[in-house]
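*Asks:* what follows is a protein structure lacking sequence information:
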């Protein structure tokens, strides 16, 4: 609760930041930097420096502020250097923290590993990378003596914060997650159909510069699966065996929804991650929804605590046992400075994988033919499905974050998960090698390694692959 005062103390010795990727998310963080004490954005690396400079201008930066001709000049002049050389940015000895916001999962893995090698902390905005190899990235950071963190402002880190609050206050966490606009047929949406489901015309979307593939990754359930994976791996919560259920409900209905099925709720087990729909099954909107927000559901285990809930007007389920806390909005990149401050001032992540409990698996969006090339999340070929990690491992499933640019070796029926044996993948890719390293280590039972298996908190919950 004192990050701001600590930042003020660093006014003359600021945290020195490098940003890789100055697109929409990166630009939102960059917009806040001039308003934040104790932080110096030394350098920005982007494949298109011209686009990065355009975003700087759009966010209100005067040209002189990002006119430094080198990183050394930027440090000396208290300005910012913009280039396309991420390797030089990561290697510079005076950079403290790298904010990885490219949105390119394989590239994000390369950037994170290089940052660890050069002794830099990493705030990982590209949650797709965390979803398929976050546990091993966290282990690599620990070995390098640096901090690896999810990005505050994105929903996974906000959910981690609510879970931590509940546990630190002594409440058992029953469920946690986020909201979403959802109907089952959205899972087959493509970049051609996304705007109709969103309620925009293609002309409106074009005028706003909106990326249909990116927005479709949210709509079709891919992003909820990815983000729920990151939450599970960071908090110890686990998915239902069938993945996300998307129960519909208003905020005041969350306590009743987020309880076990045996007690009238929808949960397979306590300690579950879930996503709540903002649409009724008939497609009509729910008033006072959690669509853009996050929640944690927790339990009053004693009559005394239940009486306290009642005395202070806490909205509960009919039994008075289950309650929730929520944030109805998240501010995306505008809040990343919380991660930067926490990592730089306290050496504390705002969410980090500690176990492999869940996976976002690539599933065929339609009947796929041999020879088709996968186009990743939000596209025409695959959609993300949340799955317990032990099931994904046993079935040799292909993670969604890597299902891009590879050719299918065999036909796959719509709705079926893809497996490593179904695709011609690049085994030399750093991201692939890291993921396969994690899978191999996780497969080794009853031997000394960084991973072992333990029962999850609930007997009926999926098992966890836990980092040591």
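*Replies:* Done, it's in. Small disclaimer: the values here were computed from a predicted structure and weren't measured. Residues are numbered from 1 along each chain as shown.
*Asks:* how much space separates the nearest residue to residue 293 once chain neighbours are set aside from residue 276?
*Replies:* Leaving aside its chain neighbours, residue 293 sits nearest to residue 328 (4.1 Å; criterion: Cβ to Cβ, 6 or more residues apart in numbering). All C-beta atoms are positioned from the backbone trio N, CA, C, and that covers glycine. The gap separating residue 328 from residue 276 is 12 Å, by Cβ to Cβ, to the nearest Å.
*Asks:* can you check which residues contact both of the two?
*Replies:* Common neighbours of residue 328 and residue 276, using Cβ atoms under 8 Å, 6 or more residues apart in numbering, are residue 290.
*Asks:* the more surrounded of the two?
*Replies:* Neighbours per residue (other Cβ atoms under 10 Å) separate residue 328 from residue 276, with residue 276 holding more: 30 against 14.
*Asks:* for the helix or strand encompassing that one, packing partners?
*Replies:* Per DSSP states H and E, residue 276 falls inside strand 272-277. If you count contacts as 3 or more Cβ pairs under 8 Å, 6 or more residues apart in numbering; DSSP states H and E, strand 272-277 packs onto strand 173-180, helix 222-235.
*Asks:* deepest-packed of these, please.
*Replies:* helix 222-235 (a mean of 29; mean count of other Cβ atoms under 10 Å).
*Asks:* helices or strands up against it?
*Replies:* When contacts are defined as 3+ Cβ pairs under 8 Å, 6+ apart, helix 222-235 sits against helix 127-144, helix 155-168, strand 173-180, strand 272-277, strand 358-364, strand 382-388.
*Asks:* contacts for the following helix or strand past the first one?
*Replies:* What it means is helix 127-144. Sequence-wise, the next helix or strand downstream of helix 127-144 (DSSP H and E) is strand 148-150. By Cβ under 8 Å, 6+ apart, the residues outside strand 148-150 that reach it are 112, 116, 121-124, 127, 130, 137-138, 140-142, 156-157, 160, 230, 234, 339, 342-343, 349-352.
*Asks:* repeat for stretch 276-285
*Replies:* Taking Cβ under 8 Å, 6+ apart as the rule, stretch 276-285 contacts 177-183, 246-249, 254, 257, 286, 289-291, 295.
*Asks:* on that earlier part again, strand 358-364 and the strand holding residue 276, what's the angle between them?
*Replies:* 50 degrees (axes from the mean of the first three to the mean of the last three Cα atoms, to 10 degrees).
*Asks:* quick one: mean pLDDT for strand 272-277?
*Replies:* Averaged over strand 272-277, pLDDT sits at 98.
*Asks:* how far off strand 382-388 does it point, in degrees?
*Replies:* Going by the same axes, to 10 degrees, strand 272-277 is angled at 140 degrees with respect to strand 382-388.
*Asks:* remind me what the helix or strand following strand 272-277 packs against, helices and strands.
*Replies:* Counting by DSSP H and E, the next helix or strand C-terminal to strand 272-277 is strand 294-299. Packing partners of strand 294-299 (3+ Cβ pairs under 8 Å, 6+ apart): helix 155-168, strand 173-180, helix 254-257, strand 322-327.
*Asks:* what segments of the stretch 351-468 of the chain are strands?
*Replies:* With strands called from DSSP state E, counting those that start in this stretch, the stretch 351-468 of the chain shows them at 355-356, 358-364, 373-375, 382-388, 404-408, 423-424, 451-454, 464-467.
*Asks:* okay, these in TSV with mean neighbour count and mean pLDDT next?
*Replies:* Shown next, in TSV, are the strands of the stretch 351-468 of the chain (neighbours: other Cβ atoms under 10 Å; pLDDT from 0 to 100):
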stretch	mean neighbour count	mean pLDDT
strand 355-356	25	96
strand 358-364	28	98
strand 373-375	18	98
strand 382-388	27	98
strand 404-408	17	97
strand 423-424	16	98
strand 451-454	16	42
strand 464-467	21	60
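*Asks:* so for residue 63, which of the ones you listed sits nearest?
*Replies:* Counting by Cβ to Cβ, residue 63 lies closest to strand 404-408 out of the strands of the stretch 351-468 of the chain; the figure is 35.7 Å.
*Asks:* which other helices and strands contact that closest one?
*Replies:* Counting by 3+ Cβ pairs under 8 Å, 6+ apart, strand 404-408 packs on strand 373-375, strand 423-424.
*Asks:* and the angle for that strand with strand 382-388?
*Replies:* Relative orientation of strand 404-408 with respect to strand 382-388: 90 degrees, computed using the same axes, to 10 degrees.
*Asks:* strand 404-408 to helix 127-144, inter-axis angle?
*Replies:* Using the same axes, to 10 degrees: strand 404-408 against helix 127-144 is 110 degrees.
*Asks:* so what strands line up beside strand 404-408?
*Replies:* When pairing is defined by DSSP bridges, strand 404-408 lines up against strand 373-375 (antiparallel), strand 423-424 (antiparallel).
*Asks:* mind checking pLDDT for residue 42?
*Replies:* Value for residue 42, per-residue pLDDT: 98.
*Asks:* could you measure from it over to residue 146?
*Replies:* Between residue 42 and residue 146 the distance is 17 Å, computed by Cβ to Cβ.
*Asks:* residue 120 now?
*Replies:* Taken as Cβ to Cβ, the span from residue 120 to residue 146 is 6 Å.
*Asks:* how about residue 342?
*Replies:* Between residue 342 and residue 146 the computed distance is 14 Å (Cβ to Cβ).
*Asks:* now swap in residue 413 and tell me
*Replies:* To residue 146, residue 413 is 44 Å away according to Cβ to Cβ.
*Asks:* which one of the two is surrounded by more residues?
*Replies:* Taking other Cβ under 10 Å, residue 413 and residue 146 do not tie; residue 146 has more neighbours (22 against 9).
*Asks:* ok, that one touching residue 118?
*Replies:* No: counting by Cβ atoms under 8 Å, residue 146 stays clear of residue 118, with 9.2 Å between them.
*Asks:* ranking helices and strands of the chain by mean pLDDT, which lands last?
*Replies:* Every helix and strand of the chain was ranked by mean pLDDT, DSSP states H and E. The lowest is strand 451-454, at a mean of 42.
*Asks:* report how many residues lie close to the nearest residue to residue 267 once chain neighbours are set aside.
*Replies:* Distances taken as Cβ to Cβ, 6+ apart place residue 260 nearest to residue 267, at 5.1 Å, with adjacent residues excluded. When neighbours are counted by other Cβ under 10 Å, residue 260 registers 18.
*Asks:* quick one: contacts for residue 260?
*Replies:* Residue 260 sits next to 267, 268, 269, 270 when contact means Cβ under 8 Å, 6+ apart.
*Asks:* run the last query once more with 10 Å
*Replies:* 174, 175, 266, 267, 268, 269, 270, 272, 322, 458, 460 (Cβ atoms under 10 Å, 6 or more residues apart in numbering).
*Asks:* pull out the buried residues from the contacts of strand 148-150.
*Replies:* 112, 116, 121-124, 127, 130, 137-138, 140-141, 156-157, 160, 230, 234, 339, 342-343, 349-352 (16 or more other Cβ atoms under 10 Å).
*Asks:* shared neighbours, residue 120 and residue 146?
*Replies:* Common contacts of residue 120 and residue 146 (Cβ under 10 Å, 6+ apart): 96, 97, 98, 112.
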